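# how would this look folded up:
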Amino acid sequence: MTDFISRRKFIGATALALSAATVNPKVLAHSGRTEVSEKGWIREKKTDGPKGMRLGSDTDKLYAVKNKGPLAILDYLRANNFDGAFFRTMLDISPTLDSGQLKEVKAHADSLGLFLDGGIGWLNPYNTAETPEIRRFGNGDYRLAVEKMIKAAREIDCTELYSVSGHSVHGNPFFVAYDRFRTDVSWGDQMTAMKKFITMLGPMLRDLKLRANIETHGDETSFELIRMIEEIGPDILGVTLDAGNLPLSGDVPDDAIKRLAPYVHCTHCKDGIMYHSQTGVTQQLRTVGEGVVDWDKAIEVLGKYSPNLHLCFEDYRAENVIALYDENWRRHFPELTDADVKKFEQLADRCEERIRKKEILGIGEYNKLPFGDPERLASYKQGYNYLKGIIKKKGLGYLE
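This next block holds a predicted model:
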C-alpha cells in the first residue's frame, strides 16, 4: 500500500509540474510572437506524441481481462501488440475518478506507448435512467456525474470523449430494441432533449477544450448527426464512427462514412456482410475486412480529416435485420431513398456471390464457429493486420 501511495504522489507531483510549465498560447501575445488560436492550440496538442493513425481496442468486450482493472487491460493490449485502449466512460478507468488512480493509469499507458481514450456515456435524458450507476455517482444528479467525468478526462488529457445516444433492449418486432423506435416518446423529442443537455455541457467542454463524440449506434442517422453537430458546434461535438452500426439506421456504410468523415474523432471498427431476407437485407457481423465496408476508401477519407485518428476494434456475434421493405420500419427513416435501398440490395448480391465462390464462409457455417475470448482476440488481430496494411500503404502511419 505504501508503494502505491508514494507512486500516486510522485505521478501527481509530476503532472502538476508539467502543468505549471505549460504556457497558454494567449500569454505569448505580448512577446511579439504570433498568437496561436485556441483551435490551433487544440490541433497542436492533439498531434503531440506518435504521428499517424494508430490501432487499439475498445475495452468493453475484453471479457478475458476486463474485471482485472485498467492496468491489467493495458498490459493485455500491449502484450498483444495493440497501440491503445478505448474506455467507454471515465468511470471504467477509475470508478471513483480518483485523481491519483487516473494519473497512474495514464502514466502506465504512456510507459507502454499506448494511447488512452475515455468517454462520458449516455447523453439522451430519456434513457439515462438505464445507467443508474452514473446517476448514483452524481448522488442522484446525472448532469453532475457527467461533468465530473469531463473534468477527470481533462486531468489526463483524454480530449476526444466517447458518448452515445441510445440503449437497445431486445424486443418484438426486433427494431423496438432501439430508442429511435420507442412508442412512449418520439425520436424527435429525444433529439431535442439531447441537444439541450449537450448545450448545458457546452461551456465546460469549451473551457476545457474537450469534445463529446456521439456513436453511430443505430439510432441517429448520419444526416441527423451532422445537423446536430453543426447546430451545437463541431468544436465540442463530433462523431464516434461505428461502421458496423451504420446499416441499422438506414445508412449505406461507404456513403455515410464519406459524409461523416469531417466530424469523426473516435471509432469502433466493426464490419459485416449482408444477405437478402424476407423484409429487406440482414447483416451478419464479421471480422473487419471481411464485410461490406470499403476500408481502403474509409481510411483514406478519415485520414484526410483526422490524420492521427485512433481506430479501435469491437467485435461480437450478431445478425441484424435491415427491414427495407417494412413500411413500419421505413417510415422512421424519411431520408432513406429508393437509391439507398438499391445499394443495400447490391451489397447483399455481392456478399452472396462471394459465398457462392467460397471466398467467405456461408451464413450457417459462420454461425457454427465458436466465439469466445480467444476468437475475439484473433478477430481483433486479423483486423489490426488488415487495417495496418492499408494505413502503411497510404502513408498515414506505421512508417518507422
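
# Could you spell out the sheet neighbours of the one helix or strand His276 maps to, each with its direction?
Here His276 sits within strand 271-277, counting by DSSP states H and E. If you go by DSSP bridges, strand 271-277 pairs up with strand 280-286 (antiparallel).

# gap between the partner strand and the chain center?
Distance, stretch centre to chain centre, for strand 280-286: 21 Å (CA atoms, centre = their mean, to the nearest Å).

# before we move on, what about stretch 325-339?
Using CA atoms, centre = their mean, the offset of stretch 325-339 from its chain centre is 26 Å.

# How about stretch 322-339?
26 Å.

# Would you mind listing the buried residues in stretch 94-104?
Of all the residues in stretch 94-104, those buried under the rule 16 or more other CB atoms under 10 Å are Ser94, Leu97, Ser99, Gly100, Gln101, Leu102, Lys103, Glu104. Yep, even glycine has a C-beta here, placed from its N, CA and C like the rest.

# residue boundaries of the strands in this structure?
54-58, 84-86, 115-117, 119-122, 160-164, 211-215, 237-242, 264-268, 271-277, 280-286, 310-313, 319-322 (DSSP state E).

# residues contacting Ile360?
By CB atoms under 8 Å, 6 or more residues apart in numbering, the contact set of Ile360 is Ile273, Arg286, Glu290, Cys351, Arg354.

# ok, the residues you listed vs Lys66, which is closest?
Taking CB to CB as the measure, Lys66 lies nearest Arg286 of the contacts of Ile360, at 22.9 Å.

# before we move on, the earlier item: residues of the strand holding His276 that come out buried?
Asp271, Gly272, Ile273, Met274, Tyr275, Ser277.

# tell me the helices in the stretch 1-150 of the chain, going along the chain?
Here the stretch 1-150 of the chain has its helices, by DSSP state H, counting those that start in this stretch, at 2-21, 38-46, 70-79, 90-93, 99-112, 132-137, 142-155.

# of the strands of the chain, which approaches Leu369 most closely?
Taking CB to CB, strand 280-286 is the member of the strands of the chain nearest to Leu369, at 10.7 Å.

# got the CA positions of stretch 277-295 in CSV?
Extracted C-alpha coordinates of stretch 277-295, given in CSV (Å, rounded to 0.1, in the frame of the first residue of the first chain):
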residue,chain,number,x,y,z
SER,A,277,-34.1,-11.7,-46.3
GLN,A,278,-37.9,-11.5,-46.4
THR,A,279,-38.2,-7.9,-45.2
GLY,A,280,-35.0,-6.5,-46.7
VAL,A,281,-31.5,-7.5,-46.0
THR,A,282,-29.8,-9.0,-43.0
GLN,A,283,-26.4,-8.0,-41.7
GLN,A,284,-24.1,-10.7,-40.1
LEU,A,285,-21.2,-9.2,-38.2
ARG,A,286,-17.8,-10.4,-39.4
THR,A,287,-14.1,-9.5,-38.7
VAL,A,288,-13.0,-6.2,-40.1
GLY,A,289,-12.0,-6.6,-43.7
GLU,A,290,-14.5,-9.4,-44.4
GLY,A,291,-17.6,-7.3,-44.8
VAL,A,292,-19.1,-4.6,-46.9
VAL,A,293,-17.2,-1.7,-45.7
ASP,A,294,-14.6,-0.4,-48.2
TRP,A,295,-11.8,0.2,-45.6
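
# now the strands of the chain in TSV, with distance to Asp340?
TSV is the format used below for the strands of the chain (distance: least, CB to CB, whole Å):
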stretch	distance to Asp340
strand 54-58	28
strand 84-86	30
strand 115-117	31
strand 119-122	28
strand 160-164	24
strand 211-215	21
strand 237-242	18
strand 264-268	20
strand 271-277	13
strand 280-286	11
strand 310-313	26
strand 319-322	10
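
# how about the residue nearest to Glu345 when sequence neighbours are not counted, what does it touch?
Nearest residue to Glu345 in three dimensions, chain neighbours excluded: Val281, at 6.8 Å (CB to CB, 6 or more residues apart in numbering). Val281 sits next to Pro247, Met274, Tyr275, Val321, Ile322, Leu324, Phe344, Glu345, Leu347, Ala348 when contact means CB under 8 Å, 6+ apart.

# Go through these and say which is closest to Leu302.
Distances from Leu302 to the contacts of Val281, taken by CB to CB, are shortest for Pro247, at 18.4 Å.

# In terms of pLDDT, where does Gly32 sit?
pLDDT for Gly32: 31.

# let me fix that: Ala129
With respect to pLDDT, Ala129 scores 89.

# my guess is it contacts Arg136, does it?
No: using CB atoms under 8 Å, Ala129 is not in contact with Arg136; the gap is 11.4 Å.

# which residues does Leu55 contact?
Each residue near Leu55 by CB under 8 Å, 6+ apart is listed here: Phe82, Asp83, Gly84, His310, Leu311, Cys312, Phe313, Tyr384, Leu387, Lys388, Ile391.

# Can you check those and name whichever has the most neighbours?
Leu311 (29 neighbours; other CB atoms under 10 Å).

# from memory that residue sits against Arg54, does it?
Yes: the pair Leu311 / Arg54 is scored as a contact, 7.2 Å apart, by CB under 8 Å.

# what is in contact with these two at once?
Looking at what touches both Leu311 and Arg54 (by CB under 8 Å, 6+ apart), there is no common residue.

# could you measure Ile150 against Leu97, distance?
10 Å (CB to CB, to the nearest Å).

# Same check on Tyr76?
From Tyr76 to Leu97 the distance is 23 Å (CB to CB).

# Nothing else from me, thank you.
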